[in-house]
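>>> Quick one, fold the following:
(one chain, ligands or ions: 1)
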Amino acid sequence: MFLVFTVHDDSASLSAVRKLLADFPGLTRSVSFRAPSDELIGIVGVGSRLWDQVFPDSRPTSLHPFEEIRGDQYTAVSTPGDLLFHLRADHIDLCFELAAHLSSRLDGHAEVVDEVHGFKYFDERDLLGFVDGTENPEGDDARKAVTVGAEDPDFLGGSYVIVQKYLHDMTAWNSLSTEGQERVIGRTKVDNIEMSDDVKPSNSHIALNDISDDDGNDLSILRENMPFGSIGDRDFGTYFIGYAKDPGITEQMLRNMFLGNPIGNYDRILDFSAATTGSLYFVPSVEFLSSL
Ligand code: HEM
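Down below sits the predicted model:
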């Protein structure tokens, strides 16, 4: 479950938020302990505006509002968000229970501006039908990719997260052949094999998102995208969520996608997917929250 709140500016609301942040690890443990094998994980992110109000004395170095990226064809919009809750478990009841506690604690102090209940779709596929997450870093590599280190000692162990809610144009997507869809993503559909560099189009999704620094080191983020949808509203979506130790890495990927690399060579996935939200948060470590 993904929940985005905007928080009121009055002092009672800010102090309710501060208290909730302090209690968040404990609340998560209370719900989790009722079904330990379901592996409930709760993550809370704080947006730039709220951070300055709740913690005026110090701020994570790279925390800033998500900036809109306006390409010639498509825009990565920036939308309001002060608190992001990312709740995961093997069964939705745990997420729902924790979300209910959180929202009751914020009653009168904050509004839910976005709520998405994602689901697993067959073998880790998104609603475009492709396996999503293959090239995610794992284990120690993942930890290194997402956690703030000695470069910002006061916020050690924290992370930055960017979320965007995408809606797919399934009619246009389904009018492509399977080979056409594979050229959009840069991998084969059924068996999930990456295309070789001489065949992979330069505007395919993975060509534009496989990035490295000036010394040739891979720059990675950890994605936990989830499909979501509503049959009645004809919504078929992907909730993009990317964690990184430096939000600049995710922003570079977004510039490649929306502005193009080189400029104008934008990500073909955007011809079938519209970003309807976009926001950025700092995720403090459990130690930080517990120390409040
Ligand atoms: C419409 C929303 C999106 C969909 C459906 C989607 C889907 C996919 C799929 C199917 C893959 C290939 C398998 C894999 O390695 O996961 C992929 C790779 C990737 N995506 Fe996305 N994605 C979306 C948005 C984004 C955004 C917004 C970013 C970054 C800001 C991003 C970053 C990446 C990266 C870094 C890879 C791995 C590239 C590599 O092969 O090294 N994706 N995505």
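>>> and the residue most central in space within the chain, what element?
When Cα atoms, centre = their mean is applied to the chain, the residue found nearest the centroid is residue 241 (1.5 Å). With secondary structure defined by DSSP states H and E, residue 241 is part of strand 235-244.
>>> what's next to that strand, contact-wise?
Judged by Cβ atoms under 8 Å, 6 or more residues apart in numbering, the contacts made with strand 235-244 from elsewhere in the structure are 2, 86, 116, 118, 126-128, 132, 145-146, 159-168, 170, 220-229, 250, 253, 273, 283. In short, each C-beta sits where N, CA and C put it, glycine included.
>>> For the residue nearest to the centre of the chain, give the beta-bridge partners.
residue 163 (DSSP bridges).
>>> And it, how far from residue 277?
Relative to residue 277, residue 241 is positioned 11 Å away (criterion: Cβ to Cβ, to the nearest Å).
>>> overlap in contacts of those two?
For the pair residue 241 and residue 277, residues contacting each of them under the criterion Cβ under 8 Å, 6+ apart are residue 163.
>>> Any chance of the backbone angles for residue 17?
Recorded main-chain torsions at residue 17 are phi -70, psi -40, according to degrees, to the nearest 10.
>>> hmm, I was thinking of residue 101
phi -60, psi -40.
>>> That one contacts residue 31, correct?
Yes - distance between residue 101 and residue 31: 7.1 Å, which falls inside the contact criterion (Cβ atoms under 8 Å).
>>> Next, count neighbours for the closest residue to the ligand within the stretch 1-150 of the chain.
At 3.3 Å from the ligand, residue 135 is the closest residue in the stretch 1-150 of the chain, using Cβ to the nearest ligand atom. Using other Cβ atoms under 10 Å, residue 135 has 13 neighbouring residues.
>>> tell me which element it falls in.
According to DSSP H and E, residue 135 maps onto no helix or strand at all.
>>> Local confidence estimate at it?
We have a pLDDT of 97 for residue 135.
>>> Residue 132 now?
We note a pLDDT of 97 for residue 132 in this prediction.
>>> Get me the contact residues on the stretch 1-150 of the chain for the ligand.
Contact residues, the stretch 1-150 of the chain versus the ligand (Cβ under 6 Å from any ligand atom): 126, 128, 130, 131, 132, 133, 134, 135.
>>> Need the three-state assignment for the second one.
Right, the one you point to is residue 128. Secondary structure for residue 128, judged by DSSP: H, G, I helix; E, B strand; the rest coil, is coil.
>>> Would you check that it makes contact with residue 185?
Yes - counting by Cβ under 8 Å, residue 128 touches residue 185, with 7.4 Å between them.
>>> intersection of neighbour lists for the two?
Shared contacts of residue 128 and residue 185, counting by Cβ under 8 Å, 6+ apart, come down to residue 269.
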